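A.B. asks: Coordinates for the following, if possible.
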Amino acid sequence: MDNASEPEVVAKPGEFRIEQLFGSRTRARLLTLFLENADRSYYVRELSRRIDAQLNAVRRELKNLVDVGIVLEVEGKIIATEAKDDEPETKGEKKKFYKANPEFPLFEDLRGVMRKAAVLMNREIVRVLKEKGDIDCIILTGRFVDAPSVPTDLLIVGTIDPTDLAAAIREFERDIAREVNFTAMPKEEFLYRKDVGDRFLASILDAKRVVLWSTFTDI
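C.D. replies: Model (predicted):
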């Protein structure tokens, strides 16, 4: 696959970036999105928005993935709810869509690789958040552990600038190809809610969860 026009992937010591496995961030994010949403079809502009990549890079990597056979090109129509305000002319028109090819011989193997890579990305979000703030606890729950009834997917306890937090979450979402419903609160609020038996916090702590990082001994 040709990725000569993309910048070289350079990771900091101890940092894991999924594009290190595939040589291209666009390619890695497209693969993650397709493999985790094998029943969905996407058009090019939608993909560009979902993975935050330039249209030309998306088109180039789609051609590579179609040529290999892991992605299929199909024809369909964009419905009004799918089109953005800046592209009204696309509504109802026939467009090329792209979807994963479950019949690809290495489909399940690749999906397994991407899911294992997602585990490393979970560790990466811990590193990023700890680097940007004073973090006391990070818990994965909700859809990350097949518990959709839990009101949040990611609980972050500590002090971090809201702008830095939002940027880190957006990057995390792009890498794992899913939206993350997160909750952040300072340590004092967390301890108070825990002491008074706050129902929202209890619904998180009493549910299935994975503690990625904690300075607390009783979580």
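A.B. asks: Can you list the buried residues in the top helix by length along the chain?
C.D. replies: In the chain, with assignment by DSSP state H, the single longest helix is helix 107-132. Across helix 107-132, burial judged by 16 or more other CB atoms under 10 Å covers 107, 110-111, 113-114, 117-118, 121-122, 124-126, 128-129. Placement of C-beta: from N, CA and C, glycine included.
A.B. asks: ok now the helix or strand following that helix, how far from the chain's centre?
C.D. replies: Counting by DSSP states H and E, the next helix or strand C-terminal to helix 107-132 is strand 134-140. On the basis of CA atoms, centre = their mean, to the nearest Å, strand 134-140 sits 18 Å off its chain's mean C-alpha point.
A.B. asks: Taking strand 134-140 as reference, get the angle to the helix or strand just after strand 134-140.
C.D. replies: Toward the C-terminal end, the helix or strand that comes next after strand 134-140 (DSSP H and E) is strand 154-159. When axes from the mean of the first three to the mean of the last three CA atoms, to 10 degrees is applied, the directions of strand 154-159 and strand 134-140 differ by 170 degrees.
A.B. asks: got TSV for the buried residues of helix 107-132, with distance to Thr183 and pLDDT too?
C.D. replies: Shown next, in TSV, are the buried residues of helix 107-132 (distance: CB to CB, whole Å; pLDDT from 0 to 100):
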residue	distance to Thr183	pLDDT
Phe107	35	93
Leu110	32	88
Arg111	29	85
Val113	30	83
Met114	26	80
Ala117	25	74
Ala118	20	72
Met121	19	73
Asn122	16	79
Glu124	20	85
Ile125	14	90
Val126	16	92
Val128	17	93
Leu129	13	96
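A.B. asks: Okay, now the unreliable bits of the protein?
C.D. replies: 1-23, 77-94, 119 (pLDDT under 70).
A.B. asks: at 50 instead, please
C.D. replies: For the chain, the stretches with pLDDT under 50 are 1-5, 7-11, 13, 16, 18, 80-82, 85-86, 88-89.
A.B. asks: domain assignment for it?
C.D. replies: Per automatic domain parsing, the structural domains of the chain span 19-105, 122-214.
A.B. asks: count of neighbours near Gln54?
C.D. replies: Per other CB atoms under 10 Å, the neighbour tally for Gln54 reads 12.
A.B. asks: Quick check: which element contains the residue lying closest to it once chain neighbours are set aside?
C.D. replies: In this structure, Gln54 finds its nearest non-sequential neighbour in Ser48, 6.9 Å apart by CB to CB, 6 or more residues apart in numbering. Per DSSP H and E: Ser48 is located in helix 44-51.
A.B. asks: quick one: buried residues of that helix?
C.D. replies: Buried-residue list, helix 44-51, by 16+ other CB under 10 Å: 45-48, 50-51.
A.B. asks: so the next helix or strand after that helix versus helix 44-51, what angle?
C.D. replies: For helix 44-51, the following helix or strand on the C-terminal side (DSSP H and E) is helix 55-68. Interaxial angle of helix 55-68 relative to helix 44-51 (the same axes, to 10 degrees): 100 degrees.
A.B. asks: tell me what helix 55-68 is packed against?
C.D. replies: helix 25-36, helix 44-51, strand 71-77, strand 94-100 (3 or more CB pairs under 8 Å, 6 or more residues apart in numbering; DSSP states H and E).
A.B. asks: The same query, at a cut-off of 6 Å, please.
C.D. replies: If you count contacts as 3 or more CB pairs under 6 Å, 6 or more residues apart in numbering; DSSP states H and E, helix 55-68 packs onto helix 25-36, helix 44-51.
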